[in-house]
Each structure stands twice: as C-alpha cells, then as structure tokens.
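*Asks:* coords please:
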Amino acid sequence: MSVYCPFCRKEVDYNIEKREINEFRGVKINTYENTAVCKECHKDLYVNEIEEKNNERIYESYREKANIIKPQDIIGLRQKYNISQRELTAILGFGKMSINRYERGGVPTKSQSDYIKLLIDNEDKFIERVKEAYKNNNINEKTYEKIVSKELNNNITKKEVQDNIRKYLKFVLNRKPDIYNGYKTLDIEKIENIISYIASKVKNLTITSLNKYLWYIDMLSFNQRSIAITGLTYQNQKFGPTIVDKKYDEISLLDEKYAREDIETENGNTTKIISNGNYSLDKISDTERKIIDTIIKILKNKSVTDISELSHKEEGWKKTKRFERISFEYAMKLNIVK
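*Replies:* Numbers count the residues shown, from 1 in each chain. A predicted model of the protein is given here:
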C-alpha cells in the first residue's frame, strides 16, 4: 500500500498504527482509530479510506454514549411527511447540507439531535415549526400544504418504519462477498427468519448470546461448505464475537418475526429476543437447517457467560485484535464441533 507523503514529497509505503480514542466532543467513548504512518519519515499520513472508517467508528460510539439521533430516524421523519432533505433543512433552520450529512452518517450536535427527536416524538411541535418556517418564507406554499393540509397522507405505517430499518442495515452492512462475510451476500430477510427460529427453540435468548449463535452458525457453515449463511460480518468484542459496529441493536428492532424485551436486572439491563412464531424456512436449505440446529443443540442449555467463554476459546476470537473483523479462515479450526 502506498500514498503520497507531503513530508517525503513522494509515494511511500505506510504502516497502520491503532490508537485509542477516549473522548469525542467532551463525551467519554471507548473506541480506536487507525493511523497511516510513513515507513520512511514516520509521520502521520492522511488516507481517505482509513479516515472514513475511523469517523464511522467514532461517530457510532459517540451516538451510543451521548444518545444522539440515528440516520434512519431522520430518514423516517422525512418519509413520514414526504419531504426532501432540502425541505427538512429549511424547516429546521439548519445549515444547507446538514440533513444530507446526518443521513449519510455525520453527527449532529447534542442540541440539534435533541431538537429533532422532540419534533419526531411530538407531531404538534413539528407542525408548529412548519408553520413558523412558512411564515418566515423558509419554505414555499407547496411544501407547507403538503405537510399541514394533507394529514391523511402524513402517518407513516409500521411497515414503512421496518422497511426503513432494513434499507439502513443493507446500506451499512452489505459488502462484496469476501473472507470477512464468508463469501455470502447479506440477506436481511433470511437473518430475521433465522433469529425467529432460534428464539423459538431457545428459552431466555439474550441479544448477547444471539450474536454468538449467529457467528457460530456462519462459522460452522463455512467450515462445512466454504460459504456462510447470513452474509453478516463479525468483530472481536469483550464478550466474544458480535455483529460488526453493534448493528445487532438495529436488527433487534425488526419486530415482524420476533420481539425484543428490555429487562432490568441486578447486574444492569439486558435485552431478550422472543419469537413471534411466524418464521419461514423457505429460503433455508436442509443443509443450512441442520447447521442451525446443530448450534442450537450445543448452546441452548448454556448460560450467557458460558457461551461467551466458549467463544473466547475459538481461534477466530483469540487471534483477532479487539474491534477488528474476524476472518472466516478461522472456521477451519472451530473448537465447538471437535
């Protein structure tokens, strides 16, 4: 890998250094950034692809810690009222490209985030804001009429909300088949049905354990067939392999096939997944069904802690650094089925 070094004034090779990031915008976070370092002068270099990934990790960690609004929520607000990014920007009185940036993953300020959330949660407040924007000539009559006068078309359905989440997940998780997704194209519908099926067989299925079920299912599939089942990518986290960038949270919100239940315990909050019983196995082959059932049989009577400790014994987790993606090459050394 090479890039132009402004200090050496030529194309140079570079190393990658991982550096901890503990604070962003005054909020304590726990993540990292990769930095390209020139092999010749040892100074930091700018590599666009690396910096984009750094920003994604930092923004995601900050959103979680500071309770910042997510891109799909802003998209949902626009779709509810059938308005463009430009129209919503004008209504809110934000900078020209603000909504465009936020929907593509940029992070609003805490005050902007809280304000948008208020308007999402309180329709009357949003309509008041629309009327004020119209009065101040920030939006035209056509936009005003579309939002205020056609109330029957204003309500977004539950199905549309679910579809928005699916579109968002496909946007952030879908990638070309490679060794990090088991050479499988992402299939959200299939994932939903698999989760519902697992939840129907496993009592007290937590979201922490679900990550391990899915990882083991994909790993065993790759071990036997050289291809995964779901197309998900996983990374090393403290309690074992998890869906990359913690997107299991959004996946758990897809409640057509299952429901999530947040429970308070002495040790903190935990999230359980409960099957609605309406899963379909039409897109799951007999071979895939056997693989899924094998993992369920092995894990179903184990505690969350036991499953986590079991995953810590796997080569894929042991030889992958924290937060990095776990390669499916380690499926060939899977301990769980030895």
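*Asks:* quick one, what contacts S209?
*Replies:* Neighbouring residues of S209 by Cβ atoms under 8 Å, 6 or more residues apart in numbering: V202, L299, V304, I307. No exception for glycine: its C-beta is placed from N, CA and C like everyone else's.
*Asks:* at 7 Å what do you get?
*Replies:* V304, I307 (Cβ atoms under 7 Å, 6 or more residues apart in numbering).
*Asks:* distance of it from K18?
*Replies:* To K18, S209 is 28 Å away according to Cβ to Cβ, to the nearest Å.
*Asks:* which residues of the stretch 1-150 of the chain fall in strands?
*Replies:* 2-5, 10-24, 27-38, 44-45 (DSSP state E, counting those that start in this stretch).
*Asks:* sorry, that was for the stretch 201-338 of the chain
*Replies:* Using DSSP E, counting those that start in this stretch, strands in the stretch 201-338 of the chain cover 234-237, 240-243, 258-265, 268-275.
*Asks:* name the stretch among those that sits most buried.
*Replies:* strand 240-243 (a mean of 24; mean count of other Cβ atoms under 10 Å).
*Asks:* list of residues touching that strand?
*Replies:* 211-212, 215, 232, 234-235, 248, 251, 308, 311-312, 316-317, 326.
*Asks:* wait, what's in contact with the residue lying closest to A259 once chain neighbours are set aside?
*Replies:* Among residues not flanking A259 along the chain, I274 sits closest, at 4.9 Å (Cβ to Cβ, 6 or more residues apart in numbering). Neighbouring residues of I274 by Cβ under 7 Å, 6+ apart: A199, Y258, A259, E261.
*Asks:* right, so of the strands of the stretch 201-338 of the chain, which gets closest to E123?
*Replies:* strand 258-265 (25.0 Å; Cβ to Cβ).
*Asks:* what does that closest one rub up against?
*Replies:* Contacts of strand 258-265 (Cβ under 7 Å, 6+ apart): 195-196, 199, 252-253, 269-276.
*Asks:* can you put those residues in a markdown table and add distance to N54?
*Replies:* Output for those, formatted as a markdown table (distance: Cβ to Cβ, whole Å):
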| residue | distance to N54 |
| --- | --- |
| I195 | 30 |
| S196 | 35 |
| A199 | 35 |
| S252 | 26 |
| L253 | 26 |
| N269 | 29 |
| T270 | 31 |
| T271 | 28 |
| K272 | 34 |
| I273 | 31 |
| I274 | 37 |
| S275 | 38 |
| N276 | 39 |
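*Asks:* and the residue lying closest to N54 once chain neighbours are set aside, bridged to which residues?
*Replies:* Setting aside the residues directly before and after it, N54 is nearest to E33 in space (Cβ to Cβ, 6+ apart), at 4.1 Å. Per DSSP bridges, the residues bridged to E33 are R19.
*Asks:* tell me the pLDDT of E33.
*Replies:* As predicted, E33 sits at a pLDDT of 95.
*Asks:* what's the neighbour count on it?
*Replies:* 16 (other Cβ atoms under 10 Å).
*Asks:* ok, L253 - contacts?
*Replies:* With contact set as Cβ under 7 Å, 6+ apart, L253 has these partners: I165, R260.
*Asks:* which residues touch the closest residue to E56 other than its chain neighbours?
*Replies:* Distances taken as Cβ to Cβ, 6+ apart place G105 nearest to E56, at 6.3 Å, with adjacent residues excluded. Listed by Cβ under 7 Å, 6+ apart, the contact set of G105 reads E56, Y59, P71.
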